[in-house]
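Got a sequence here, can you model it:
(one chain, ligands or ions: 2)
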Amino acid sequence: MKTVILDVDTGVDDAFAIMFAARHPDLNLIGITCVDGNTKLSQVLINTLKVLDKAGARQIPVSSGASRPLLETPKYAEHVHGSDGLGDLDTPLSARKIDQRPAIQLLRDLIDSSPNPVTLIPTAPLTNIALFLGAYPESAKKLERIVLMGGSASKGNATEYAEFNVWHDPEAAAIVFKSGVPITMYGLDVFNDLIMNKDDVASLTASKDECAQFAGRLIDHFISVPNLEVTLGDYGAVATAIRPDLATCKKYRVSVDTSFSPTRGQTHCRPVETKDSELGEHDRDAPVVDVVVASDVDGMRKLWLETVNSQSKI
Ligand code: RIB
Ligand code: CA
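Ligands and ions are numbered 1, 2, ... in the order given. Presented below is the predicted three-dimensional model:
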């Protein structure tokens, strides 16, 4: 059993991550914190509660966090996730209530009170995590690991160079990578591996399981977005946390570009074996991060499909 907390900007692929984490028997999801990202924070909160309903989740504390990046102006991704951030499916509002504690306080309380080490899984801009690290460093030291969806050792998606979660708040990402907490980076190098298709939509929407039907409709939304890779996205970070055997990692020195230049938000990744003479000035003291460079696509897809569809015959 792995004890986890998710930090999300629910969006469609955050929903894939949340429903999996809420349902898988080997995961103890003790809390969710929400942050401005794919859509405005107020909408992220509404979406997150809706997804917990569809997943049939028990009562899990959900807290509100940062409504904007540390320095950058917010830039949303509603062209990908729909105007409501959740595929514009008119999903019913949830009767669940938001926890009154601010996100960084919920993180502190859950980590300090957990009898088991906690793995933190951000699938969003890292604003909440940076604020938590600064406010409660003693609690942060208790974290087992941060397994984050973000960054890229190759190309960007928000710009030619930068991945959206890091690009949305580069200063926060720089703080998190330098925090000293062990980090696994599930970035764009594998983010688009877990491709879904019309057959998956058909089998999910035909299920008697409400979570499966909802998941199928969300995938169908992604299929309707032009020029978009239809992928399980953020879910891959949760799969990596619970089944590291399904992910191949390589150690890189990772630094975040916080310059005000075209490369702002880029994660500079240099293999640890790079000779000192070949390292740039930003790389020498850059932290070593476990970067996911390949994933067992069939294994991760099967794991997700079996978990979100209790009627699954796989
Ligand atoms: O770059 C992909 C990331 O940006 C994912 O977390 C997606 O949900 C968006 O937030
Ligand atoms: Ca996300």
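
alpha carbons only for contacts and neighbour counts from here, please
Noted.

For the residue nearest to residue 122 when sequence neighbours are not counted, list each beta-bridge partner.
Excluding the flanking residues, the one nearest residue 122 by Cα to Cα, 6 or more residues apart in numbering is residue 7, at 4.4 Å. Listed beta-bridge partners, residue 7: residue 33, residue 122 (assigned using DSSP bridges).

wouldn't residue 7 be in contact with residue 123 here?
Yes: the pair residue 7 and residue 123 passes the contact test of Cα atoms under 8 Å, sitting 6.1 Å apart.

ok, the residue nearest to residue 122 - how many residues close by?
The tally of other residues near residue 7 (other Cα atoms under 10 Å) stands at 28.

Also residue 67?
By other Cα under 10 Å, neighbour count at residue 67 equals 16.

start the count at 389, not 1, going forward
That works, and once the first residue is 389, the last one we named lands at residue 455.

where does it land in three-state SS?
Per DSSP: H, G, I helix; E, B strand; the rest coil, the secondary structure class of residue 455 is coil.

wait, it sits on residue 427?
No: contact between residue 455 and residue 427 fails when scored by Cα under 8 Å: they sit 10.1 Å apart.

Pull the number of nearby residues for residue 587.
Neighbour count of residue 587, defined by other Cα under 10 Å: 10.

Please tell me how far it sits from ligand 1.
23 Å (Cα to the nearest ligand atom, to the nearest Å).

do the same with residue 459
If you go by Cα to the nearest ligand atom, the gap between residue 459 and ligand 1 works out to 18 Å.

Show me the helices in the stretch 539-688 of the chain, by range?
552-556, 558-565, 576-579, 586-593, 598-612, 623-630, 685-696 (DSSP state H, counting those that start in this stretch).

chain center to stretch 622-631: distance?
Its chain's C-alpha centre and that of stretch 622-631 lie 9 Å apart, by Cα atoms, centre = their mean, to the nearest Å.

Whether that stretch contacts ligand 2 - can you check?
No: Stretch 622-631 is not in contact with ligand 2 by Cα under 5 Å from the ion; minimum separation 6.0 Å.

Identify the residues contacting that stretch?
Stretch 622-631 has contacts (Cα atoms under 8 Å, 6 or more residues apart in numbering) with 390, 401-402, 404-406, 408-409, 414-415, 507, 509, 511, 535-537, 574, 579, 582, 634-635, 688.

and these, which of them are in strands?
Secondary-structure check on the contacts of stretch 622-631 using DSSP state E: residues within strands are 390, 415, 507, 509, 535-537, 574, 635.

which of the residues you listed has the most neighbours?
For the ones in strands among the contacts of stretch 622-631, neighbours tallied by other Cα under 10 Å; top is residue 574, 31 neighbours.

Report the central residue of the protein.
Note on the chain: the residue nearest the mean C-alpha position is residue 511, at 1.3 Å, using Cα atoms, centre = their mean.

quick one on the thing from earlier: the contacts of stretch 622-631 also near ligand 1: which ones?
By Cα under 6 Å from any ligand atom, the members of the contacts of stretch 622-631 lying near ligand 1 are 401-402, 511.

interface residues of the stretch 389-538 of the chain facing ligand 2?
Residues of the stretch 389-538 of the chain lying near ligand 2 by Cα under 5 Å from the ion: 402, 511-512.

Now pLDDT too, for those, in a markdown table please.
As requested, those are exported to a markdown table (pLDDT from 0 to 100):
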| residue | pLDDT |
| --- | --- |
| 402 | 98 |
| 511 | 98 |
| 512 | 98 |
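
how about the helices of the stretch 389-538 of the chain, start to end?
400-411, 429-443, 466-469, 491-501, 515-523, 525-528.

Please name whichever of the ones you listed is nearest to residue 569.
In terms of Cα to Cα, the element of these nearest to residue 569 is helix 525-528, at 7.6 Å.
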